[in-house]
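**Student:** structure for this input, please:
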Amino acid sequence: RMRTFMQKDLLSPESARGYVPSMIQAAKIASQVAPSYKDDLNKYLSLCALDLFSAVAFGEMIKSVDPAKDVSDNDSNEFALSAYRGLGLGVEILFDPLETILSKMGITSKKQLECFGNLDKAWNIGRKKIDNFIERKERGTLTENEMNSYLSRAIDRQNEKGSMVSLREAQELVFTGLFAAVDTTSSYIGWVLFHMARTPRVQEKLYKELTFSIENVGDGALTDEVLDKRNVPYLHAVIRESHRLSPVRVLATLKSIDAEVKVNGVQLEPGDVVGLEGYTTGMNPDLVDEPELFVPERWLPDVVESRKGTPKEIIDHPFFQAPFSQGARRCPGSRVAANETQVMIAQLVLDWKMTSTISSMNDIEYSQKTVIELKIPSIDFESRRRKMA
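**Tutor:** Numbering: from 1, shown residues only. Okay, here's the model as predicted:
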């Protein structure tokens, strides 16, 4: 019931595309301050993801990433700060053995108290913002972005006759989306950003494709149509190649089997949990030429077509394409997360020529958190706008 309600305005392509204008607006704001975070890009992308989430969920530009933001809107600033701190501490607690032991002993640690305090504060501010949103919706004073937001659509559906979800539950679902959106999306974007900075050839090719599409499809502006795969196949290939070489989730799907089955001589019983792992397939030299190299061209339509009817076509199976799983249990926000990644990467490449002194995958640091998170190396940003002027 709750899942069906939550994914209603997230999974359909038309609904997901409807949020793109707000995403683009948030990404433009965020991109302008990227150089300020050159040495702390993990924090930068977490705040970017929070801003993108707010643009989708509320149709609001909270600008949490902007160091020079207007501090007059104290609620938005406190919401962003509390959510950022609470989520960060929550991830630390999940992977801290001591915190696990303390929790099992019924002991609430100082870190847990701080985490819960920040999340409670974000929840209370969020509820206040939602109540204010509902009042303005009833008065008909929402902006265009707010009217097209996920919350506005959720309220409409919650008010429909026969709705099985209460207003409180609808509010909780929006807040729950915050947890999934910020951590996963920021890590997903982080890996793509790193690959862009370490491969100048790929970055320049993508920049040329984006500017061509903007001029010929978007009438000079970045739009959802500009970002369509038909118009920017290389952008989609870049993101696909990043997922092959550096997936944020190695075990993309976990399934519990309901019948006896033998796989490669291993007997599995009902109730056994099977992890479907795709990383080794994408790194198999029998299936992928020079798998250690970052080569987005391998995902362009003509190359994909050439693999059909050969053993190599297995890498084009939908289950390998993204970290969101497939089928009935596919991540409800997968289309929105994919659009956010496309928008943020496109805006950064349009605004900046990015370079990193680290070019090898052997020289990076990463860790297993809720997803595989890269410690993004320092990146230098040179303005393309200035160069064009």
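**Student:** and Ala16, how far is that from Leu210?
**Tutor:** 20 Å (CB to CB, to the nearest Å). C-beta here means a position set from N, CA and C on the backbone, and glycine is covered the same way.
**Student:** just the helices in the stretch 101-250 of the chain please.
**Tutor:** For the stretch 101-250 of the chain, applying DSSP state H, counting those that start in this stretch gives helices covering 110-139, 144-147, 150-158, 167-198, 200-216, 233-245.
**Student:** quick one: closest of these to Arg384.
**Tutor:** Nearest of the helices of the stretch 101-250 of the chain to Arg384, taken as CB to CB: helix 200-216 at 7.3 Å.
**Student:** ok, and what's touching the closest one?
**Tutor:** 195-197, 220-222, 226-227, 231-235, 238, 294, 296, 346, 349-350, 353-355, 384 (CB atoms under 8 Å, 6 or more residues apart in numbering).
**Student:** run the last query once more with 10 Å
**Tutor:** 195-197, 199, 218, 220-223, 225-228, 230-235, 237-238, 241, 294-297, 345-350, 352-356, 359, 384, 388 (CB atoms under 10 Å, 6 or more residues apart in numbering).
**Student:** can you select the buried ones from those in ChimeraX?
**Tutor:** Buried members of these, defined by 16 or more other CB atoms under 10 Å, are picked up in ChimeraX with:
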select :195,196,197,199,218,222,223,226,227,228,231,232,233,234,235,237,238,241,294,295,296,345,346,347,348,349,350,352,353,354,355,356,359,384
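**Student:** pretty sure Gln158 contacts Gln171?
**Tutor:** Yes - between Gln158 and Gln171 there is a contact under CB atoms under 10 Å: 9.4 Å.
**Student:** so what pLDDT did the residue lying farthest from the centre of the chain get?
**Tutor:** Relative to the centre of the chain, the most outlying C-alpha is that of Gly265, 38.2 Å out, by CA atoms, centre = their mean. Gly265 carries a pLDDT score of 92 in this model.
**Student:** also Tyr19?
**Tutor:** Confidence score, pLDDT, at Tyr19: 91.
**Student:** and Leu98, what does it touch?
**Tutor:** 109, 111.
**Student:** so it versus Ser109, what's the distance?
**Tutor:** Counting by CB to CB, the gap from Leu98 to Ser109 is 8 Å.
**Student:** got it, and Trp299?
**Tutor:** As judged by CB to CB, Trp299 and Ser109 stand 45 Å apart.
**Student:** show me which of these two is the more surrounded one.
**Tutor:** Legend: neighbour count by other CB atoms under 10 Å for Trp299 and Ser109, higher for Trp299 (21 against 15).
**Student:** touching, that one and Ile239? I think so.
**Tutor:** Yes - look at Trp299 against Ile239 with CB under 10 Å: they come within range, at 9.0 Å.
**Student:** so for these two, which residues contact both of them?
**Tutor:** Joint contacts of Trp299 and Ile239 (CB under 10 Å, 6+ apart) are Gln321.
**Student:** residues touching the residue lying closest to Ile376 once chain neighbours are set aside, list them.
**Tutor:** Nearest residue to Ile376 in three dimensions, chain neighbours excluded: Leu41, at 4.0 Å (CB to CB, 6 or more residues apart in numbering). Contacts for Leu41 (CB under 10 Å, 6+ apart) come out as 34, 48, 186, 189-190, 193-194, 197, 356, 374-379.
**Student:** over to Ala221?
**Tutor:** Applying CB under 10 Å, 6+ apart, one finds that Ala221 lies in contact with 24, 214-215.
**Student:** if you rank these by neighbours, which is first?
**Tutor:** Ile24 (23 neighbours).
**Student:** how about that one, secondary structure?
**Tutor:** helix (DSSP: H, G, I helix; E, B strand; the rest coil).
**Student:** distance between the ends of stretch 260-278?
**Tutor:** Start-to-end span of stretch 260-278 (CA to CA, to the nearest Å) is 23 Å.
**Student:** any idea how far it is from the chain center?
**Tutor:** Mean-position distance between stretch 260-278 and its chain equals 31 Å (CA atoms, centre = their mean, to the nearest Å).
**Student:** list the buried residues of it.
**Tutor:** So for stretch 260-278, counting by 16+ other CB under 10 Å, buried means Gly278.
**Student:** same check, this time on stretch 280-299
**Tutor:** For stretch 280-299, using 16+ other CB under 10 Å, the buried residues are 281-282, 287-288, 291, 294-296, 298-299.
**Student:** pLDDT averaged over it, what's the number?
**Tutor:** 96.
**Student:** how far does that stretch sit from its chain's centre?
**Tutor:** Taking CA atoms, centre = their mean, the mean C-alpha location of stretch 280-299 is offset from the chain mean by 23 Å.
**Student:** could you export that stretch as PDB, CA atoms only?
**Tutor:** Extracted C-alpha coordinates of stretch 280-299, given in PDB (Å, rounded to 0.1, in the frame of the first residue of the first chain):
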ATOM      1  CA  THR A 280      32.600  -9.400 -12.300                       C
ATOM      2  CA  THR A 281      30.600  -9.700 -15.500                       C
ATOM      3  CA  GLY A 282      31.400  -6.100 -16.400                       C
ATOM      4  CA  MET A 283      35.100  -6.700 -15.700                       C
ATOM      5  CA  ASN A 284      35.300 -10.000 -17.600                       C
ATOM      6  CA  PRO A 285      37.900  -9.600 -20.500                       C
ATOM      7  CA  ASP A 286      36.000 -12.300 -22.400                       C
ATOM      8  CA  LEU A 287      33.000 -10.000 -22.500                       C
ATOM      9  CA  VAL A 288      34.500  -6.500 -22.200                       C
ATOM     10  CA  ASP A 289      37.500  -5.300 -24.200                       C
ATOM     11  CA  GLU A 290      40.100  -3.700 -21.900                       C
ATOM     12  CA  PRO A 291      37.700  -3.700 -19.000                       C
ATOM     13  CA  GLU A 292      40.100  -1.700 -16.700                       C
ATOM     14  CA  LEU A 293      39.700   1.300 -19.000                       C
ATOM     15  CA  PHE A 294      37.000   3.900 -18.900                       C
ATOM     16  CA  VAL A 295      35.500   3.800 -22.400                       C
ATOM     17  CA  PRO A 296      31.900   5.100 -22.700                       C
ATOM     18  CA  GLU A 297      31.900   4.400 -26.400                       C
ATOM     19  CA  ARG A 298      31.200   0.700 -25.700                       C
ATOM     20  CA  TRP A 299      27.600   1.700 -24.800                       C
END
